[in-house]
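Colleague: Fold the following for me, if possible:
(one chain, ligands or ions: 1)
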Amino acid sequence: MFSFDVDQSNKPALYADLLAAVDAVTQDEPDAIANMANVAALIWEFVPHLNWAGFYRMVDGELVLGPFQGKAACIRIPVGRGVCGAAAHARATQLVKDVHAFPGHIACDAASASEIVVPLMHEGQLLGVLDLDSPNAARFDEEDQAGLEAVCARLAPRLSK
Ligand code: SME
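Modeller: Okay, the predicted model is just below:
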């Protein structure tokens, strides 16, 4: 069993604690699905004001739904489509303050108002993306981006099986 004290009052501390939890839970495990499942659950537990948190994996050239928390979501996303596809295409984080203003946004949950998608890169390969949705407008900022990019950098080498 894993149990964590989550202090949501201070964003840098929250992301430092999240990274430590991700590190502890994934460090001895190479299975990609197990590690993505636990990281989705940790993000859901640590990060407030989310309605979806999870992964899409690169499978045969398209993004395929992976472990997540939240409502059932669209299963396949072509590279270049939606916020996830844009992050995969650019291999760069997409920080979207208003999803309704993002051309081609894919609404898996009508409650989503803002979104951040971080690519999962390892040794020059795109493994997938981490996607967080919020019902709050402009929920994510540069501190969230830095914290989630650090999580992805720690996780990506631990998705080898
Ligand atoms: N909104 C995403 C689709 C995935 S769901 O939010 C879980 C997008 O535009 O790519």
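
Colleague: ok, which stretches of the chain are helices?
Modeller: Secondary structure of the chain (DSSP state H): helices located at 11-26, 32-46, 82-90, 142-155.

Colleague: Which positions in this protein make contact with the ligand?
Modeller: 52, 73-74, 77, 82-85, 105-106, 108, 112, 115, 131, 133 (Cβ under 6 Å from any ligand atom). The way it works is simple: take the backbone N, C-alpha and C, and place the C-beta from them, glycine included.

Colleague: Can you flag which of those residues belong to strands?
Modeller: Applying DSSP state E to these, the entries found in strands are 52, 77, 115, 131, 133.

Colleague: In a markdown table: these, plus neighbour count.
Modeller: Putting those into a markdown table (neighbours: other Cβ atoms under 10 Å) gives the following:
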| residue | neighbour count |
| --- | --- |
| 52 | 21 |
| 77 | 22 |
| 115 | 25 |
| 131 | 28 |
| 133 | 27 |
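
Colleague: from the residues of the chain next to the ligand, which has minimum pLDDT?
Modeller: Among the residues of the chain next to the ligand, residue 108 has the lowest pLDDT, at 85.

Colleague: Can you give me the distance of that one to residue 55?
Modeller: Distance from residue 108 to residue 55, counting by Cβ to Cβ, to the nearest Å: 13 Å.

Colleague: Quick check: closest non-adjacent residue to the residue in the chain positioned nearest to the ligand.
Modeller: Nearest residue of the chain to the ligand: residue 82, at 2.7 Å (Cβ to the nearest ligand atom). Distances taken as Cβ to Cβ, 6 or more residues apart in numbering place residue 106 nearest to residue 82, at 3.7 Å, with adjacent residues excluded.

Colleague: again, but for residue 48
Modeller: residue 8 (5.1 Å).

Colleague: do you know how far that neighbour is from residue 47?
Modeller: According to Cβ to Cβ, residue 8 and residue 47 sit 8 Å apart.

Colleague: Give the intersection of the neighbour lists for the two.
Modeller: When contacts are counted by Cβ atoms under 8 Å, 6 or more residues apart in numbering, residue 8 and residue 47 have residue 14 as shared neighbours.
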